[in-house]
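J.: Sequence first, then the predicted structure, then my questions.
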Amino acid sequence: MSIKSLAAKIFARKIYNQTLAWANKPVETQLEVFKNLIQNAKETQFGKDHHFESIKTFGDFQKNVPVRDYEDLKSYIEKVKLGEENILWKGKPLYFAKTSGTTSGAKYIPLTKESMPTHVNAARNAIFHYIHETGNADFVNGKMIFLQGSPILTEKHGIKFGRLSGIVAHFVPKYLQKNRMPSWETNCIEDWDTKVNAIVGETINENMSVISGIPSWVQMYFERLQEKSGGKKISEIFKNFNLFIYGGVNYEPYRAKFEQMIGKKVDSIELFPASEGFFAYQDSQKEKGMLLLLNSGIFYEFIKTDDFFNENPKRLTIGEVETGVNYALIVSTNAGLWSYNIGDTVQFTSLFPHRVIVSGRIKHYISAFGEHVIANEVENAMKEATTETHIVINEFTVAPQITPVDGLPYHEWFIEFEKEPDNIDTFAEAIDNSMRKQNIYYDDLITGNVLRKVVITKVSKNGFQEYMKSQGKLGGQNKIPRLSNNRDIADNLK
């Protein structure tokens, strides 16, 4: 065992014990975070506008601070972007992480000197939890690749702007610098096609032990590696590759394709990072879900998705949640977000410790007929159908077809196959049966002849990549929504 591996194991034990200390007292931990946030923001413009000086309890906070999204916070953010201080958080943020997806175009999410370390420490701690549980630390001696956005930043009014993954690239610990790939120069390439080819050239002859990134873009990297190597399995190219770290989307729809490309099973660690905060990471290979980070400068609220669009939905704290219920995730952070709806929905898989899975997006659903279908359901259906039939898919998305040329309306599944089913109708039946088992509303609509069963539309090879490229969203943190309540993506794919 190398000195580096031994040191990693010792530090992993320390991180594990520190985690137990706060995970075993979730309510107390969150209360402490809540008090610190209110105290530190009392003298900000937002704090004064919302009477933080009078807030003593969570009930006071609820009365003073409504749930809001980016558009509701935008007037404050615009002042911060102009260099004004003490608006949402004390002083000025260090960075603005630029993201996409709102009706007004780009979002700019602040990152402060208090919030920035939590992004870095969470990713680090996820790896140390893996080392502590498995005893596997040999990978720290190999090369590690992190597929991410360009680290080139711009600066205005003393604040730097860039993509979150590019910003985080500036905070890679010194002990990982020699192991980290690709090179800085390659990481700065903006065009994703060019960048992936350059990464392949740099890494194909290296001792890669850890690979990290959004599954859809790692898949693209693997495909280019295989092309360059004459069709070799990834495990033949990288003999010591044994750990895949991912976030952004559910890995399960990609797992069969990955194992086929890699040529063996490898351990994986799931992360739940976002520009708004690093919320959770997989702390165990044996338990389902990711550990919700309750001590990272983020105060969490939860609203049941069934109640979310009501006029005054009940806002719950960590001590009031249940397992198996879909919640919209609301956060207040030491970057200056307050009762902010991040758009993701979660389910708790366990309490004490509190572990979650990401079940979808509050705006990414299908309910054209009152069926309330969420991402977690379509992903489970795809997993069941492909497991039963040994089919391999590259990517998929789902949209309603409300006005078909003939027949009843239906849910249309756009699927890019790597290995097609022998019988597409049987495959569609398997998906439909799984959906009906999971969602009683969908089952009622099928039974009542309001909807007909799932219709599958094949997407040509690299069709999803071409679509993302046409939208200017190829690579980086961008990903295809699993489902939507309109046909914007569907019509483009067609």
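T.: Everything's here; your move. Numbers count the residues shown, from 1 in each chain.
J.: which element is Glu377 on?
T.: In this assignment (DSSP states H and E), Glu377 forms part of helix 375-389.
J.: Next secondary structure after that helix?
T.: strand 392-401.
J.: Please identify the helix or strand for the nearest residue to Thr457 once chain neighbours are set aside.
T.: Closest residue in space to Thr457, ignoring its immediate chain neighbours: Phe414 at 5.1 Å, by C-beta to C-beta, 6 or more residues apart in numbering. In short, each C-beta sits where N, CA and C put it, glycine included. Secondary structure assignment for Phe414, by DSSP H and E: strand 410-419.
J.: Wait, the residue nearest to Thr457 touches Ile393, no?
T.: No. Judged on C-beta atoms under 8 Å, Phe414 makes no contact with Ile393 at a distance of 10.7 Å.
J.: Excluding sequence neighbours, find me the nearest residue to Phe171.
T.: Closest to Phe171 by C-beta to C-beta, 6+ apart is Val120, at 4.7 Å.
J.: what's near enough to touch that neighbour?
T.: Val168, Phe171, Pro173 (C-beta atoms under 8 Å, 6 or more residues apart in numbering).
J.: Equivalent analysis for His411, please.
T.: Applying C-beta under 8 Å, 6+ apart to His411 gives the contacts Ile366, Val373, Val398, Ala399, Pro400, Gln401, Met435, Leu451, Val454, Val455.
J.: rerun that using 7 Å as the cut-off
T.: Going by C-beta atoms under 7 Å, 6 or more residues apart in numbering, His411 touches Ile366, Val398, Pro400, Val454.
J.: so Asn141 touches Met1, yeah?
T.: No. With contact defined as C-beta atoms under 7 Å, Asn141 does not reach Met1; the gap is 9.7 Å.
J.: So these two - more neighbours on which side?
T.: Comparing Asn141 with Met1 by other C-beta atoms under 10 Å, the one with more neighbours is Asn141, at 16 against 10.
J.: Grab the nearest non-local neighbour of that one.
T.: Nearest to Asn141 is Ser2, by C-beta to C-beta, 6+ apart, at 5.5 Å.
J.: Can you give me the neighbour number for the one you found?
T.: The number of residues packed near Ser2 is 11, by other C-beta under 10 Å.
J.: Same question for the one 3 residues further on.
T.: Applying the criterion other C-beta under 10 Å, we find 15 residues in the vicinity of Ser5.
J.: So it is in contact with Asp138, correct?
T.: Yes. Contact criterion C-beta under 7 Å: Ser5 and Asp138 qualify, at 5.8 Å.
J.: what's the helix or strand for Gln39?
T.: Element membership of Gln39 [criterion: DSSP H and E] is helix 26-41.
J.: Any stretches of the protein with poor pLDDT?
T.: Scanning the chain for pLDDT under 70 picks out 100-105, 175, 388, 475-477.
J.: Tell me where the longest helix sits in it.
T.: Secondary structure of the chain per DSSP state H: the longest helix is helix 3-23.
J.: Check the secondary structure at Gln347 for me.
T.: strand (DSSP: H, G, I helix; E, B strand; the rest coil).
J.: when you give positions from now on, start the count at 573
T.: All right, first residue 573 from here; so that's Gln919.
J.: any idea how far the residue nearest to Thr1029 lies from Ala1062?
T.: With distances taken as C-beta to C-beta, to the nearest Å, Phe986 is found 6 Å from Ala1062.
J.: what's the answer for Leu863, then?
T.: Applying C-beta to C-beta to Leu863 and Ala1062 gives a distance of 36 Å.
J.: try Gln791
T.: Distance from Gln791 to Ala1062, by C-beta to C-beta: 22 Å.
J.: again with Phe618
T.: For Phe618, the distance to Ala1062 equals 40 Å [C-beta to C-beta].
J.: so how far does stretch 861-869 reach from one end to the other?
T.: Using C-alpha to C-alpha, to the nearest Å, the end-to-end distance of stretch 861-869 comes to 21 Å.
J.: ok, now stretch 629-647?
T.: Stretch 629-647 has an end-to-end distance of 27 Å (C-alpha to C-alpha).
J.: try stretch 779-789
T.: End-to-end distance for stretch 779-789, by C-alpha to C-alpha: 20 Å.
J.: Just give the nearest non-adjacent residue to Pro1053, would you?
T.: In space, Pro1053 is closest to His936, 4.9 Å off (C-beta to C-beta, 6+ apart).
J.: Could I get the phi/psi values of that neighbour?
T.: Main-chain torsions, His936, degrees, to the nearest 10: phi -100, psi 90.
J.: In contact with it, which residues?
T.: His936 sits next to Ala947, Pro1053, Arg1054, Leu1055, Ser1056 when contact means C-beta under 7 Å, 6+ apart.
J.: try it again with 6 Å
T.: By C-beta atoms under 6 Å, 6 or more residues apart in numbering, His936 lies in contact with Ala947, Pro1053, Leu1055.
J.: Provide the partner residues of it in its beta bridges.
T.: Arg933 (DSSP bridges).
J.: any idea how far Lys955 is from it?
T.: Taken as C-beta to C-beta, the span from His936 to Lys955 is 18 Å.
J.: start to end distance for stretch 805-816?
T.: Using C-alpha to C-alpha, the end-to-end distance of stretch 805-816 comes to 15 Å.
J.: Buried ones in it, by neighbour count?
T.: Lys805, Ile806, Ser807, Ile809, Phe810, Phe813, Asn814, Leu815, Phe816 (16 or more other C-beta atoms under 10 Å).
J.: next one: stretch 707-723
T.: The neighbour-count check on stretch 707-723 (16+ other C-beta under 10 Å) flags 708-723 as buried.
J.: try stretch 692-700
T.: Neighbour counts over stretch 692-700 (16+ other C-beta under 10 Å) mark Asn693, Ala694, Ala695, Asn697, Ala698, Ile699, Phe700 as buried.
J.: Could I have the CA atoms of the host helix or strand of the second one written out in PDB?
T.: In other words, Ala694. In this assignment (DSSP H and E), Ala694 forms part of helix 688-706. Below are the C-alpha coordinates for helix 688-706, written out as PDB (Å, rounded to 0.1, in the frame of the first residue of the first chain):
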ATOM      1  CA  MET A 688     -17.800  27.800  -2.200                       C
ATOM      2  CA  PRO A 689     -15.900  25.400   0.200                       C
ATOM      3  CA  THR A 690     -19.000  23.300   0.700                       C
ATOM      4  CA  HIS A 691     -19.100  22.400  -3.100                       C
ATOM      5  CA  VAL A 692     -15.400  21.300  -2.900                       C
ATOM      6  CA  ASN A 693     -15.700  19.500   0.400                       C
ATOM      7  CA  ALA A 694     -18.800  17.600  -0.500                       C
ATOM      8  CA  ALA A 695     -17.200  16.000  -3.600                       C
ATOM      9  CA  ARG A 696     -14.100  15.200  -1.600                       C
ATOM     10  CA  ASN A 697     -16.100  13.600   1.300                       C
ATOM     11  CA  ALA A 698     -18.100  11.500  -1.100                       C
ATOM     12  CA  ILE A 699     -14.900   9.800  -2.200                       C
ATOM     13  CA  PHE A 700     -13.700   9.400   1.400                       C
ATOM     14  CA  HIS A 701     -16.900   7.700   2.500                       C
ATOM     15  CA  TYR A 702     -16.400   5.300  -0.400                       C
ATOM     16  CA  ILE A 703     -12.900   4.600   0.800                       C
ATOM     17  CA  HIS A 704     -14.000   4.100   4.400                       C
ATOM     18  CA  GLU A 705     -16.700   1.700   3.600                       C
ATOM     19  CA  THR A 706     -15.000  -0.400   0.900                       C
END
